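S.K.: Coordinates only, no sequence provided:
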């Protein structure tokens, strides 16, 4: 259902350069383009509109367009939601602020020299490929920053990391950890895109597919050795292939899960991290980057999925520990990653360099006032 509300700012979904940006009513539950994260960010923008007194801005929300925008200026703010190459947008020096999911600093997440394996080798190769792709943007960004300093201008805006939020998330009453049906749960794809027979990825796999196969093997081993525990595995064709019924089932099972397993995707960060914490699950994940919204989180980081059995037994045999981890997950979501908290972070960063600024264009005055 679409709600007609006067907005203090303009919001656009921008898919590809050369295409017209699509106006977005952030109160519309069915946006014209669904990036998968529009529900979460729609609520973030609603929070900005309702309580944080920001006006006169143009927000461009894009999946991975990092080359150009329909317009530039100190009234333009950009959100890049899905770029997994860790690139810095070429237009960063032309806009007020850039907020980016997944970030601009890739991590290797393993040590191929001390622990050689096919998974770690492929992870290293992928890491090198990412560096090759993202380094030009890094150099371009710092070159423009150097020029600004040389000319006595203000430094160009930093690129701000923001959480992915959720893709599938229904608002449901939080269920007590001890009353939940499933001891541990994973739902997701192993191979997101089928590769042709002549592709090396078909024969060798990818870091995502190998990591998830190792996790599934460890879960099945745990199930065989511990038949009394309720373990749920659901292998899908990828989140874009889910039906509405799949999404409903995913959310309901997640709310009924004690320990949520979060293997890596193409990147180490996935929406499942945040969906699990929102529902108060205990989260077991792989290596995670250093981000303001992840540092110090109650996420258990596993170095090798073969160690999963010991982690599960340690948790499931200690109800008090599980209760504490459950509460910490909920607190972390509410105080670090929720829509209102992210909205406050966004406004703080937009206001940090210049508390109050005005830009006059065609006789129109636009003002940004700190909350």
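M.R.: On my side now, so go ahead. Worth saying up front: this structure is predicted, and the values here are computed from it rather than measured.
S.K.: Please make it C-alpha for all contacts and neighbour counts, starting now.
M.R.: Will do.
S.K.: quick one: average confidence on stretch 101-117?
M.R.: Per-region confidence: stretch 101-117 scores 95 on mean pLDDT.
S.K.: Likewise for stretch 146-164?
M.R.: Taken as a whole, stretch 146-164 has a mean pLDDT of 92.
S.K.: Work out the gap between it and the centre of the chain.
M.R.: 23 Å (C-alpha atoms, centre = their mean, to the nearest Å).
S.K.: Model confidence score at residue 202, please.
M.R.: 87.
S.K.: likewise residue 368?
M.R.: 47.
S.K.: next one: residue 322
M.R.: In this model, residue 322 carries a pLDDT of 98.
S.K.: count of residues packed around the nearest residue to residue 55 once chain neighbours are set aside?
M.R.: Of all residues not flanking residue 55 in the chain, residue 8 sits nearest, at 4.8 Å (C-alpha to C-alpha, 6 or more residues apart in numbering). Using other C-alpha atoms under 10 Å, residue 8 has 15 other residues around it.
S.K.: cool, residue 16 as well?
M.R.: Residue 16 - counted by other C-alpha under 10 Å - has 17 other residues nearby.
S.K.: Can you give me every residue that contacts it?
M.R.: Contact analysis of residue 16 by C-alpha atoms under 8 Å, 6 or more residues apart in numbering lists residue 65.
S.K.: quick thing: my sequence starts at 794, can you match it?
M.R.: Done: numbering now begins at 794, and the last item shifts to residue 809.
S.K.: And it, how far from residue 1022?
M.R.: Per C-alpha to C-alpha, to the nearest Å, residue 809 is found 48 Å from residue 1022.
S.K.: do residue 929 as well
M.R.: For residue 929 relative to residue 1022 (C-alpha to C-alpha), the value is 50 Å.
S.K.: just the strands in the stretch 844-993 of the chain please.
M.R.: 851-855, 866-873, 888-894, 952-955, 975-982 (DSSP state E, counting those that start in this stretch).
S.K.: hmm, who's touching the first one?
M.R.: Right, the one you point to is strand 851-855. 802-808, 868-875.
S.K.: what about this protein, any weak spots by pLDDT?
M.R.: Residue ranges of the chain with pLDDT under 70: 794-798, 845, 1030-1041, 1146-1164.
S.K.: Tell me the secondary structure at the residue nearest to residue 848.
M.R.: Residue 801 falls in the coil class when you classify it by DSSP: H, G, I helix; E, B strand; the rest coil.
S.K.: right, and it touches residue 844 too?
M.R.: No. Look at residue 801 against residue 844 with C-alpha atoms under 8 Å: they stay out of range, at 11.3 Å.
S.K.: Which strand or helix spans the spatially closest residue to residue 980 that is not a sequence neighbour?
M.R.: Leaving aside its chain neighbours, residue 980 sits nearest to residue 1027 (4.5 Å; criterion: C-alpha to C-alpha, 6+ apart). Assigned by DSSP states H and E, residue 1027 belongs to strand 1024-1029.
S.K.: who touches residue 1007 in this structure?
M.R.: With C-alpha under 8 Å, 6+ apart, residue 1007 has these contacts: 1098-1099.
S.K.: And for the residue nearest to residue 881 when sequence neighbours are not counted, the neighbour number?
M.R.: Of all residues not flanking residue 881 in the chain, residue 930 sits nearest, at 5.1 Å (C-alpha to C-alpha, 6+ apart). Residue neighbour count, defined by other C-alpha under 10 Å, stands at 20 for residue 930.
S.K.: Residue 930 against residue 883, yeah?
M.R.: Yes. Counting by C-alpha under 8 Å, residue 883 is a contact partner of residue 930 at 6.3 Å.
S.K.: right, and residue 961 touches residue 1068 too?
M.R.: Yes. In this structure, residue 961 is within contact of residue 1068 by C-alpha under 8 Å, at 7.3 Å.
S.K.: Compare those two and say which is more crowded by neighbours.
M.R.: Using other C-alpha under 10 Å as the criterion, residue 961 and residue 1068 rank with residue 1068 on top: 23 against 19.
S.K.: Let's verify the more buried one: helix, strand, or coil?
M.R.: Classified using three-state DSSP, residue 1068 is helix.
S.K.: do you know how far it is from residue 1062?
M.R.: Taken as C-alpha to C-alpha, the span from residue 1068 to residue 1062 is 12 Å.
S.K.: which among the contacts of strand 851-855 gets closest to residue 1088?
M.R.: Distance to residue 1088 across the contacts of strand 851-855 (C-alpha to C-alpha) is lowest for residue 874, with 20.2 Å.
S.K.: so how many other residues sit close to residue 1042?
M.R.: Residue 1042, neighbours per other C-alpha under 10 Å, totals 12.
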